[in-house]
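# missing the sequence, but the structure's below:
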């Protein structure tokens, strides 16, 4: 067994453990089996470039895995981009305007990985209105997973309806009916027949929020 591969495998194991993932879960996220992950960590095989790229996207310090040297950085956190003048209304609707990057909010990379969130496929969006109060308030910011576009009961989603960006509870019913409801009981639940309505698209699922005091 190659001693270089053994040392690399030991460092890879440490990085996996740092992210709080077992071999099966880590392997699934980078596209290999639990057996392959075990072999990499044992030094029996050397990971290829595609594997290392996916590991890097999960938050693995690939430089450390390969060289044994850590580079001082903020690798434990990742900035999710935030957009200027883009607000998801928790009321009757906010006009959707162009996405202009204005920086973002920092999230723990470990927290994101545990929830299967890819930071490059998430967005931070402002909330306006009060239809989702007290869960969400005017001025709050929500973390949106843009890979989750299939509404499920009890989950909040940001969606585009015409020129309006909304944040609501969404449920996909039989025959292409989208049921839209609010946390605030002063707002009525309504249904959208997706087969007869153009201009409705799910941006993504709300996975976290900040509260503006």
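Now that the structure is in, tell me what you want to look at. Computed from a prediction, not measured in an experiment: that's the story for all the values here.

# Output the lowest mean pLDDT helix or strand found in the protein.
Least confident helix or strand, the chain: strand 94-95 with a mean of 44, by mean pLDDT, DSSP states H and E.

# what's the domain layout of this structure?
With domains defined by automatic domain parsing, the chain comprises 3-67, 77-210.

# Show me which helix runs longest in the chain.
Selection of the longest helix in the chain by residue count, based on DSSP state H, yields helix 3-18.

# Now do the buried residues in it.
5, 8-9, 11-13, 15-16, 18 (16 or more other CB atoms under 10 Å). Backbone N, C-alpha and C define where each C-beta goes, glycine included.

# Can you mark which positions in the helix or strand that contains residue 28 are buried?
Assigned by DSSP states H and E, residue 28 falls within helix 23-30. Using 16+ other CB under 10 Å as the test for burial, helix 23-30 gives 23, 25-27, 29-30.

# Helices of this structure, start to end?
Using DSSP H, helices in the chain cover 3-18, 23-30, 34-42, 49-58, 62-67, 109-114.

# My guess is residue 65 contacts residue 13. True?
No. Shown here, residue 65 and residue 13 do not form a contact pair, counting by CB atoms under 8 Å, at 9.6 Å.

# distance of residue 157 from residue 82?
Per CB to CB, to the nearest Å, residue 157 is found 18 Å from residue 82.

# let me fix that: residue 156
Residue 156 is 18 Å from residue 82, by CB to CB.

# Those two - which one has more neighbours?
Ranked by neighbour count (other CB atoms under 10 Å), residue 156 and residue 82 place residue 156 first, with 23 against 19.

# okay, and for the protein, where does confidence drop off?
The model of the chain has pLDDT under 70 over residues 1, 71-75, 83-103, 212-213.

# Find the nearest non-adjacent residue to residue 138, please.
residue 128 (5.9 Å; CB to CB, 6 or more residues apart in numbering).

# can you pull the buried residues of stretch 156-163?
In stretch 156-163, counting by 16+ other CB under 10 Å, buried: 156-159, 161.

# Now find how far off-centre it is within its chain.
Here stretch 156-163 shows a centroid-to-chain-centroid distance of 17 Å under the convention CA atoms, centre = their mean, to the nearest Å.

# what's that stretch in contact with?
With CB atoms under 8 Å, 6 or more residues apart in numbering as the test, stretch 156-163 has contacts from 88, 93, 95-96, 125, 132, 135-136, 142, 144, 151, 165-170, 192, 199-206.

# could you show me where the strands are in this protein, in order?
Counting by DSSP state E, the chain has these strands, from start to end: 77-89, 94-95, 100-108, 122-128, 141-145, 156-161, 164-173, 177-181, 190-193, 200-210.

# Burial check on the residue lying closest to residue 143 once chain neighbours are set aside, number of neighbours?
Spatially, and ignoring its direct neighbours in sequence, residue 143 is nearest to residue 208 (4.2 Å; CB to CB, 6+ apart). By other CB under 10 Å, 18 other residues sit near residue 208.
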